[in-house]
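Student: One predicted model, sequence on top.
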Amino acid sequence: MPENTLRIAVAQSTVREDPTDATALRDSGAEVRRLMQQAADAGARLVHFTEGAICFPSKRVMSELGPDEIGPSDWSKAEWAVLQDELDRIAALSRELGIWTVIPSVHQLPTPSRPHNSMYVVSDQGKVVTRYDERTLSTTKITWMYAPGKEPVTFEVDGYRFGLALGLDVLFPELFTEYDRLDVDGVLVSYSTAGVSGHEHIEVQARGTAVNNTYWISLAVPANPDGGLESGLIDPRGKLVAAGPADKTPGIAVTDLHHAEVTTVGREFRSRTRERISS
C-alpha cells in the first residue's frame, strides 16, 4: 500500500433494537468484533460501523408507557453493564488488532439526564479518544429519547483528518460545510435504516455531499434487506468506489483513501468565493 494512502473499512452489520435483551447485545458485540477482524485481515487501519451497531433502541421497547403507547424512554430498563462490557471488548480488540474503530452507541449520562446517541472513536491503542453526539435528532428522538449534541468532532489517523456524522445529520448540508471549513479529508456517516424501508435517497445525498465538499464519505448502514442501501465508500468526486454485500448481509467494504488534489483545489476555491460573497 503506498505510503500516502489510508486503508479504511466500512461495515454493514446487523442492528438489534432491544437494549433490555442482554443476549442480543452480546450477539451484536460478537458480530462487530468478527467484522473488525475481517477489516484488520484486509489491512485496514480504521473500521467504521453503523448507527445502532450494538443496539438501536426502539421507542416502543423503551417507552415507559409502551409498547402500545409512545412516551418518555425509561432508560433504567437498559442492560447498561452488558453494553459497557461489549464496548470494553471492542476497545480491547482494537488494541490487539492495531486498528482504529468508530463504533456508535448510546452514551449514558447521570440520571435524570437523557443519554446521547453517540459515536465513539477507539484508537489502535484501545483508548476512546473522542466522542460525537448526534445533533439533528428526529422528532421521536428529541421528544422521547435523547439529549442532543452541540458541536462537530474531528480526529486524525496517520495524517488523515475525519469528521463524524450520525443519524439524521446526513440530511443537513450545513453540518458538512462546517467540516469542509475544518479541513477534513472525509466524514464518517453512520445511519440506521432499522425498521424502515426505502432509503435509497440517502446514498444520493451522501454522494452529493462528497462532491460538493470534495472529500471522502464513508457511509455505514445496517445489514437490512429492506433498507435500500449498502454501506459504502465515496470518493471526493462523488463516485461510490466500494460497497458492502449487495444482498444486504453483514460484511465490509474496503478501499484506500488518498489526499486528493481535487480536495485542496475545491476547498481553496470555496473559501475564496465565500469570502467574496460575504463581504
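Tutor: Received the coordinates, thanks.

Student: ok, now which ones touch the residue nearest to Ser28 when sequence neighbours are not counted?
Tutor: Closest residue to Ser28 apart from its sequence neighbours, by Cβ to Cβ, 6 or more residues apart in numbering: Ile54 at 4.6 Å. Bear in mind the C-beta positions are built from the backbone N, C-alpha and C, glycine included. Applying Cβ atoms under 8 Å, 6 or more residues apart in numbering, we find Ile54 in contact with 25, 28-29, 32, 83, 86-87, 103-105.

Student: so Ile54 sits in a helix?
Tutor: No: under DSSP: H, G, I helix; E, B strand; the rest coil, Ile54 falls outside any helix and is assigned coil.

Student: And Val121, how far from Val61?
Tutor: 27 Å (Cβ to Cβ, to the nearest Å).

Student: the more surrounded of the two?
Tutor: Taking neighbours as other Cβ atoms under 10 Å, Val121 and Val61 compare with Val121 leading, 23 against 18.

Student: Direction included, what does the strand or helix carrying that one pair against?
Tutor: Using DSSP states H and E, Val121 sits within strand 116-122. Neighbouring strands of strand 116-122 in its sheet, by DSSP bridges, are strand 100-107 (antiparallel), strand 128-133 (antiparallel).

Student: Show me what Ser190 is bridged to.
Tutor: Each beta-bridge partner of Ser190 is listed here: Leu166, Ala220, as defined by DSSP bridges.

Student: quick one, what contacts it?
Tutor: With contacts defined as Cβ under 8 Å, 6+ apart, the neighbours of Ser190 are 48-51, 53, 102, 104, 119, 165-167, 220.

Student: ok, the residue most central in space within the chain to Arg274 distance?
Tutor: Centroid-nearest residue in the chain, with Cα atoms, centre = their mean: Ser190, separated by 2.7 Å. In this structure, Ser190 and Arg274 are separated by 28 Å, where distance is defined by Cβ to Cβ.

Student: Not counting its own residues, what contacts the one helix or strand in the chain whose mean pLDDT sits lowest?
Tutor: Taking mean pLDDT, DSSP states H and E as the measure, the helices and strands of the chain show their lowest mean at helix 261-278, namely a mean of 81. Around helix 261-278, the neighbours that count as contacts under Cβ under 8 Å, 6+ apart are 180-181, 183, 185, 213-215, 236-237.

Student: Show which residues not belonging to stretch 18-38 make contact with it.
Tutor: Among residues not part of stretch 18-38, those counted as contacts by Cβ under 8 Å, 6+ apart are 9, 11, 13-16, 47, 49, 53-55, 57-58, 61-62, 77-79, 82-83, 86-87, 89-90, 93-94, 97, 99, 101, 103, 106, 250-252.

Student: go again using 7 Å as the cut-off
Tutor: Outside stretch 18-38, the residues that touch it by Cβ atoms under 7 Å, 6 or more residues apart in numbering are 11, 13-14, 16, 47, 49, 53-55, 57-58, 61, 77-79, 82-83, 86, 89-90, 93, 97, 99, 101, 103, 106, 250, 252.

Student: Just the CA coordinates for it, please, in PDB.
Tutor: Written as PDB, here are the backbone C-alpha positions of stretch 18-38 (Å, rounded to 0.1, in the frame of the first residue of the first chain):
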ATOM      1  CA  ASP A  18     -33.900  -4.100  22.400                       C
ATOM      2  CA  PRO A  19     -31.300  -2.800  24.900                       C
ATOM      3  CA  THR A  20     -33.000  -4.700  27.700                       C
ATOM      4  CA  ASP A  21     -32.000  -8.000  25.900                       C
ATOM      5  CA  ALA A  22     -28.500  -9.000  27.200                       C
ATOM      6  CA  THR A  23     -28.200 -11.900  24.700                       C
ATOM      7  CA  ALA A  24     -29.000  -9.600  21.800                       C
ATOM      8  CA  LEU A  25     -26.300  -7.100  23.000                       C
ATOM      9  CA  ARG A  26     -23.800  -9.900  23.200                       C
ATOM     10  CA  ASP A  27     -24.700 -11.100  19.700                       C
ATOM     11  CA  SER A  28     -24.200  -7.600  18.300                       C
ATOM     12  CA  GLY A  29     -20.900  -7.200  20.000                       C
ATOM     13  CA  ALA A  30     -19.700 -10.600  18.700                       C
ATOM     14  CA  GLU A  31     -20.600  -9.600  15.200                       C
ATOM     15  CA  VAL A  32     -18.900  -6.200  15.500                       C
ATOM     16  CA  ARG A  33     -15.700  -8.000  16.600                       C
ATOM     17  CA  ARG A  34     -15.900 -10.500  13.800                       C
ATOM     18  CA  LEU A  35     -16.100  -7.700  11.200                       C
ATOM     19  CA  MET A  36     -13.200  -5.900  13.000                       C
ATOM     20  CA  GLN A  37     -11.100  -9.000  12.400                       C
ATOM     21  CA  GLN A  38     -12.100  -9.100   8.800                       C
END
